[in-house]
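Novice: Using only what follows, build the 3D model:
(2 chains)
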Amino acid sequence: MTATTPTTNGAGRQLMWRRRVQRHGWTVGVWVLLVVLVAWYATLIPRFGSFQASTILTGGSAWILLGIAQAVVVVAGGLDLGVGGMLVLSSVTAAQFMDGQPIEVAILIGIAILIGAAVLNGLVGWIITVSKIPDIVVTLGSLYIYQGLALMMLPKVGGGTPGAFRWIFTGSEHGVGANPWPALVVIIIPVIIVAWWMGRTKSGLSLYAVGSDATAAFLSGVRDARTKIISFAVAGAVAALAGFSSVSISGVGNPTTDGGVLTLNSVAAIVLGGIALTGGVGSVIAVVPAALILFFFNPILSALGVDPNRAQVIQGILIVFVMMVAGLLEWRRIRRS
Amino acid sequence: MNDAPATTPKVSTDSEPTKPSLAGRLAARPQIALIGVLVVLIIVTGIAEPNYLSVAGLRNSLIWAIPIGILAAGQTILMLTGGIDLSIAMIATASAYVTANQSANGTALAIMIGLLVGIIAGSLNGVGVGVFRVNPLIMTLAMSGILLGLFSGWATTIFAGSTQMNDFMRSLGGGSFFGGRVPWAALVWTVIAIGVIVLLRKTGFGRNLYALGDNAVASRLSGIRAWQVLIAAYAISGILGSVAGLLVGGRVGAVDLQLVGFLLLPSVAAAVIGGTSIFGGIGTYTGTILGALILGVLQSLLTFLGAGQAVQQLLYGSIIIGLSWMYTRLASTQ
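Specialist: Residues are numbered from 1 along each chain as shown, chains lettered A, B, ... in the order given. Presented below is the predicted three-dimensional model:
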């Protein structure tokens, strides 16, 4: 648990440091890896300027937000295969209703979609707690349902969002520009809010309690069913936000996007970010560099002149390799304790 | 709740003094409930389209169910160990691709090379999960990406030739015998089904699968070498993927790299509907077969209703949730 209370009972600074390294070592490592990759990328291309920064942050923001959505659920001991479907559903709903509207109306519609997404995914969480069916099964169902709803909402590629709305997520009214700041804000604000909620508030910390041991959490007075429903509702809203980012980049809604692939990306991002799939461990902060690294592979490999097909092979092998290292470290930690 | 050998027989069913209720009796054999669902679904489909209740109509559903059932056999075996194979559809596609490409070199050789793809990819999954303890979701997901990348590149280089299946594979995948009544592929599925059921019920390897999924620590302490069992299980799943891929490729006639992808989630769904626990240790292949048949009939029903893709996906998702809810309710009333 990356909870907050520092131990200051004078048990020795060295021990405290070692625990800190154990706790945050993975997070720091992922950030270092990202910095190294960015620096390497900067030497590979002729000019690394605000345009490149904007492209990476804009393209990566949907990956990051979807990773955060998945992280909230996984920390609480669940798994949501439906987040990718929710991204598709929210992006086509936005494209359907925001088309040709002034920005004020578009933002109101956006807020309505976020609330709707939270309610809908909260309902999925409620079904899981009432029915006691494993998360992966119910959310496999919700993935299909969201994709079906997306096709109903917008039968084929189309719709659109106002230019000002696209600017909020991409820094340009046309989806591509040289202004990285709006995308950075879109990433940072949700991350800070979710990280603060999970680390500092009672309802956020109960995610960790339920995720590490639902029975113990229940016996110590945490309402596990409510916590699960809240985690799914938050994930739904954040995934919907990722949908806005994706529709702002492409400019149109595409109901045939494969939400399953997007979900699997989000799972890879949280695992690389050091969040245990068994629940109760990890921080959303580390999901940011992890998702960016995964998104970043493609520009780097194409800058190296690697054929995109081979790039996909390398990406797969790297993910497995990272997981092997993580597994080895975890195994050593268990052996030592 | 399952008739697996690894679980101790329930004494309560014999010694219960009162007559068990209907729900109680269904709970003892949840597969009867699944058969009920299947029959109701067939009747509903018959009402929607009277021509369905004929050999040709039912054969159509069966042709849908066969590849799902074979892929779901792999998922069942792996889910019993607490794993899953998200690369099975890509393994199937890759095998079909290689077989189509090599069909000029003789049918037998082409099939052998196709199956080899499944064995190699499956074993690598097994090494990743069993030896290096990579999470199965991640390992098989990465394998799927690796295969897609490799074959996208190879499609224009070393496998640049034919993408057409030869006549033997076409008749095996799409042809029928008994005057066009029974698809040849059904025969393949029957052989595989018997093999998998015997493997799970009667062999030590099958018991190891249940033991490993039920309690990994206890099975290690009782002398099971988990990594060996896992490599074998993932390799078997790979071979089953290859067989399904060859049958789908034969039915379609020509192969591309999107050949089997759409069957990945149905293969997981069939195992889940059939009562296999995604956490391991619980499940049977007979349940999975019923799950695959239900999905096959459902496909026919949705086609007859003229439902668009949107409604199809909505219903598909609802049915996965609904049937597994029914299953957990039945299991908890026991």
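Novice: ok, then the element right after the host helix or strand of residue A:187?
Specialist: Per DSSP states H and E, residue A:187 falls inside helix A:181-200. On the C-terminal side of helix A:181-200, the closest following helix or strand by DSSP H and E is helix A:202-212.
Novice: center of the chain - which residue?
Specialist: Just so you know, I chose chain A. Centroid-nearest residue in chain A: residue A:67, 1.6 Å away (criterion: C-alpha atoms, centre = their mean).
Novice: my question was about chain B
Specialist: Closest to where the C-alpha atoms of chain B average out (C-alpha atoms, centre = their mean) is residue B:72, at 1.1 Å.
Novice: which helices and strands sit right next to the lengthiest helix in chain A?
Specialist: Assignment by DSSP state H gives helix A:13-44 as the longest helix of chain A. When contacts are defined as 3 or more C-beta pairs under 8 Å, 6 or more residues apart in numbering or on different chains; DSSP states H and E, helix A:13-44 packs onto helix A:287-303, helix A:308-336. In short, each C-beta sits where N, CA and C put it, glycine included.
Novice: Show me which residues of the last one are buried.
Specialist: Applying a neighbour-count criterion of 16 or more other C-beta atoms under 10 Å in any protein chain shown, the buried positions in helix A:308-336 are A:309, A:311-316, A:319-320, A:322-324, A:326.
Novice: Please apply the same query to the first one.
Specialist: Under the neighbour-count criterion of 16+ other C-beta under 10 Å, helix A:287-303 has A:287-297, A:299-301, A:303 buried.
Novice: Can you check what angle separates that helix from helix A:308-336?
Specialist: Taking axes from the mean of the first three to the mean of the last three C-alpha atoms, to 10 degrees, helix A:287-303 and helix A:308-336 form an angle of 140 degrees between their directions.
Novice: related to what we said a few turns ago, and the longest helix of chain A, how far from the chain's centre?
Specialist: How far helix A:13-44 lies from its chain's middle: 20 Å, per C-alpha atoms, centre = their mean, to the nearest Å.
Novice: Tell me which residues of that helix come out buried.
Specialist: Applying 16+ other C-beta under 10 Å to helix A:13-44 flags A:24, A:26, A:27, A:29, A:30, A:31, A:33, A:34, A:37, A:38, A:41 as buried.
Novice: Same question for stretch B:320-334.
Specialist: Quick answer for stretch B:320-334 (16+ other C-beta under 10 Å): B:320, B:321, B:323, B:324, B:325, B:326, B:327, B:328, B:329, B:330, B:331.
Novice: Please flag which of those residues sit within strands.
Specialist: With DSSP state E as the criterion, strands contain none of those.
Novice: can you list the residues you listed in TSV and add distance to chain A?
Specialist: Shown next, in TSV, are these (distance: C-beta to the nearest C-beta, whole Å):
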residue	distance to chain A
B:320	4
B:321	4
B:323	10
B:324	5
B:325	5
B:326	10
B:327	8
B:328	5
B:329	8
B:330	12
B:331	9
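Novice: ok so, going back, among the buried residues of helix A:308-336, name the ones that also lie close to chain B.
Specialist: A:309, A:311, A:312, A:313, A:314, A:315, A:316, A:319, A:320, A:323, A:324 (C-beta under 8 Å from any C-beta of the partner chain).
Novice: Residue B:132 is in contact with the last one, correct?
Specialist: Yes. With contact defined as C-beta atoms under 8 Å, residue A:324 counts as touching residue B:132 (4.5 Å).
Novice: what ranges do the helices span in the stretch 1-150 of chain A?
Specialist: A:13-44, A:50-75, A:83-98, A:103-131, A:135-153 (DSSP state H, counting those that start in this stretch).
Novice: Could I get the ones you listed in CSV, plus columns for distance to residue A:223?
Specialist: CSV is the format used below for the helices of the stretch 1-150 of chain A (distance: least, C-beta to C-beta, whole Å):
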stretch, distance to residue A:223
helix A:13-44, 27
helix A:50-75, 17
helix A:83-98, 24
helix A:103-131, 10
helix A:135-153, 18
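Novice: out of the ones you listed, deepest packed?
Specialist: A comparison of those by mean neighbour count, using mean count of other C-beta atoms under 10 Å in any protein chain shown, puts helix A:83-98 on top with a mean of 28.
Novice: Just to check, residue A:166 is in contact with residue A:172?
Specialist: Yes. With contact defined as C-beta under 8 Å, residue A:166 counts as touching residue A:172 (7.0 Å).
Novice: Neighbour count for the two, which is higher?
Specialist: Neighbours per residue (other C-beta atoms under 10 Å in any protein chain shown) separate residue A:166 from residue A:172, with residue A:166 holding more: 27 against 19.
Novice: so which strand or helix has the closest residue to the more buried one other than its chain neighbours?
Specialist: Nearest non-adjacent residue to residue A:166, counting by C-beta to C-beta, 6 or more residues apart in numbering or on different chains: residue A:248, 4.3 Å away. Secondary structure assigned from DSSP H and E places residue A:248 in helix A:224-250.
Novice: On the three-state scheme, residue B:161 is what?
Specialist: The three-state label given to residue B:161 by DSSP: H, G, I helix; E, B strand; the rest coil is coil.
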